[in-house]
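Trainee: next comes the sequence, and after it the predicted model I'd like to discuss.
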Amino acid sequence: RKEVEQDPGPFNVPEGATVAFNCTYSNSASQSFFWYRQDCRKEPKLLMSVYSSGNEDGRFTAQLNRASQYISLLIRDSKLSDSATYLCVVGGTEDDKIIFGKGTRLHILP
Amino acid sequence: GAVVSQHPSRVICKSGTSVKIECRSLDFQATTMFWYRQFPKQSLMLMATSNEGSKATYEQGVEKDKFLINHASLTLSTLTVTSAHPEDSSFYICSARDQWRSEKLFFGSGTQLSVL
C-alpha cells in the first residue's frame, strides 16, 4: 500500500457544483494532515490543516477518519479559480517525514 | 505569513556543469528544510531532509554525491546539482519548517532546471 494515496483525477466539475476528494494513508502513527493546492509549475500552497474534529474554512471542509485512515476535502459552490491540483500531505510520524500524495487534478468547467 | 525565498527561478545550463539553488527563510528560523523534485505531470518527490548544522538525510534512490545539500544556518539551505545531465531537468522546490510552528511547511517558489 502506498504511503499516501489519492485518485489522480482529473475531476471535471461544472461551476457551482460540490466536489469531494479522499486521501488514504498507510502509517497509523501519522499525526499531521494537510491539504495543499498547487497550480501548474508553482509551489504548493497550504489550503488547510485537517484536525480530528474536522474543520471548515468558507467553502472548504476537511475531515479526518483515523479508524479508516483517510482524510477528505469537500469544496462547495466550486469556482473556476478552484481549478488546480490538490495535494494530500501526511506527517508527524516518528521519523518526522512529510509525505505528499500524487495529487488530484480538478477542472472546474464554466 | 512566513516567506521562503528560492532562487534562481529558472536555470538553463550545459550538460556537465554544476548548478546551485538557494532556499532562504526570510522571517523565521527553519531548523528543517526539505528539497523536492517534480517532473512534468508527476507528484512532488522528497529528495532529502536537511537539519541545520548536520548532514542531510537522503531518500532512497537519490545520490547524495550528485545532489549536495548544505544547511549551514537557520535561514539558508542550498542544493547543488553537480555535473548536471539532461535527465536532471526538473522543477526543484524547497520547503522550510518554522521551528516554532512545526506543523506548517512554507515553500519556495521553485526552480525550473533545464540541462541541455
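Mentor: Arrived safely, thanks for sending.

Trainee: near chain B, which residues of chain A show up?
Mentor: Counting by C-beta under 8 Å from any C-beta of the partner chain, chain A comes close to chain B at A:32, A:34, A:38, A:41-46, A:49, A:87, A:89, A:91-92, A:96-103. Yep, even glycine has a C-beta here, placed from its N, CA and C like the rest.

Trainee: list the ones among those that fall in strands.
Mentor: A:Ser32, A:Phe34, A:Gln38, A:Lys45, A:Leu46, A:Ser49, A:Leu87, A:Val89, A:Gly91, A:Ile99, A:Phe100 (DSSP state E).

Trainee: in the sheet, who's paired with the third one?
Mentor: Assessed by DSSP bridges, A:Gln38 has beta-bridge partners A:Thr85.

Trainee: same check, this time on the fourth one
Mentor: Following DSSP bridges, A:Lys45 is listed with bridge partners A:Arg37.

Trainee: and it, how far from A:Gln38?
Mentor: Going from A:Lys45 to A:Gln38 by C-beta to C-beta, to the nearest Å gives 7 Å.

Trainee: more neighbours: which of these two?
Mentor: When A:Lys45 and A:Gln38 are compared for neighbours, A:Gln38 comes out ahead with 22 against 13, by other C-beta atoms under 10 Å in any protein chain shown.

Trainee: residues touching the more buried one, list them.
Mentor: By C-beta atoms under 8 Å, 6 or more residues apart in numbering or on different chains, the contact set of A:Gln38 is A:Pro44, A:Lys45, A:Ala84, A:Thr85, A:Tyr86, A:Leu87, A:Gly103, B:Leu44.

Trainee: ok, now with 10 Å
Mentor: Going by C-beta atoms under 10 Å, 6 or more residues apart in numbering or on different chains, A:Gln38 touches A:44-45, A:47, A:84-87, A:100, A:103, A:105, B:38, B:43-44, B:93, B:107.

Trainee: swap in B:Ser18?
Mentor: B:Lys66, B:Leu68, B:Thr80, B:Val81, B:Thr82, B:Ser83, B:Ala84.

Trainee: sitting in strands, which of those residues do you find?
Mentor: Per DSSP E, the subset of the contacts of B:Ser18 in strands is B:Leu68, B:Thr80, B:Val81.
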